[in-house]
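Asks: Sequence and computational prediction follow.
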Amino acid sequence: MPGVPHKGSSCVDIDELGEPNETCEMCEAREIRYVHYMQHPDHRDILGVGCIGAEHMEEDTIRPREREKRLRSLAGRRKSWARRQWKISAKGMAAKRRAGYRCLGYEATESAATRSASSISSS
């Protein structure tokens with residue numbers, strides 16, 4: 001991108017978009033899924049770039065890859081969490097424990113759905 005310093009930037013944030021649907025603002029050619037937001041002291045805009053663009057802008061090949069690896073790992077854990085084994089509690093409810101929290105799930109019955117629909121229509 002013309003007018004943008006290609007070296008000496010620092011990463012201010014990183015984001016996972018779910019799928020590659022944003023174009024790297026460094027090369028303006030690659031579709032990226034993991035966006036490294038880069039800021040340079042001599043440039044007012046924050047640029048969203050891919051891992052390779054972040055490597056060039058930071059002049060570091062290790063930190064951008066580590067950041068992206070952590071984000072990929074987090075995205076994978078979030079995606080697989082619901083597929084993990086649920087345990088059945090003594091009261092017959094599905095339950096999971098994670099990070100000190102217990103999540104309970106239950107199957108909605110038709111009567112509950114009917115009650116919900118009728119309360120919405122009567123409002």
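Replies: Yep, that arrived.

Asks: okay, which residue is most central for the protein?
Replies: Glu16 (3.8 Å; Cα atoms, centre = their mean).

Asks: where does it fall, phi/psi-wise?
Replies: Torsion angles at Glu16 (phi, psi; degrees, to the nearest 10) stand at phi -110, psi 120.

Asks: Which residues are in contact with it?
Replies: Residues near Glu16 by Cβ atoms under 8 Å, 6 or more residues apart in numbering: 33-35, 71-72, 74-75. (Each C-beta comes from the backbone N, C-alpha and C, glycine too.)

Asks: Out of the residues you listed, which two are the most distant from each other?
Replies: In the contacts of Glu16, two members sit farther apart than any others by Cβ to Cβ. They are Val35 and Leu74, at 14.4 Å.

Asks: For my notes, confirm Arg78 occurs in a helix.
Replies: Yes. Using DSSP: H, G, I helix; E, B strand; the rest coil, the assignment for Arg78 is a helix.

Asks: show me what contacts Tyr37?
Replies: 11-15, 46-48.

Asks: Narrow these to those that are buried.
Replies: Neighbour counting by 16 or more other Cβ atoms under 10 Å classes 11, 14, 47-48 among the contacts of Tyr37 as buried.

Asks: Tyr34: neighbour count?
Replies: Using other Cβ atoms under 10 Å, Tyr34 has 21 neighbouring residues.

Asks: Figure out the helix or strand that the nearest residue to it once chain neighbours are set aside lives in.
Replies: Of all residues not flanking Tyr34 in the chain, Glu68 sits nearest, at 5.0 Å (Cβ to Cβ, 6 or more residues apart in numbering). In this structure, Glu68 sits in helix 63-81 according to DSSP states H and E.
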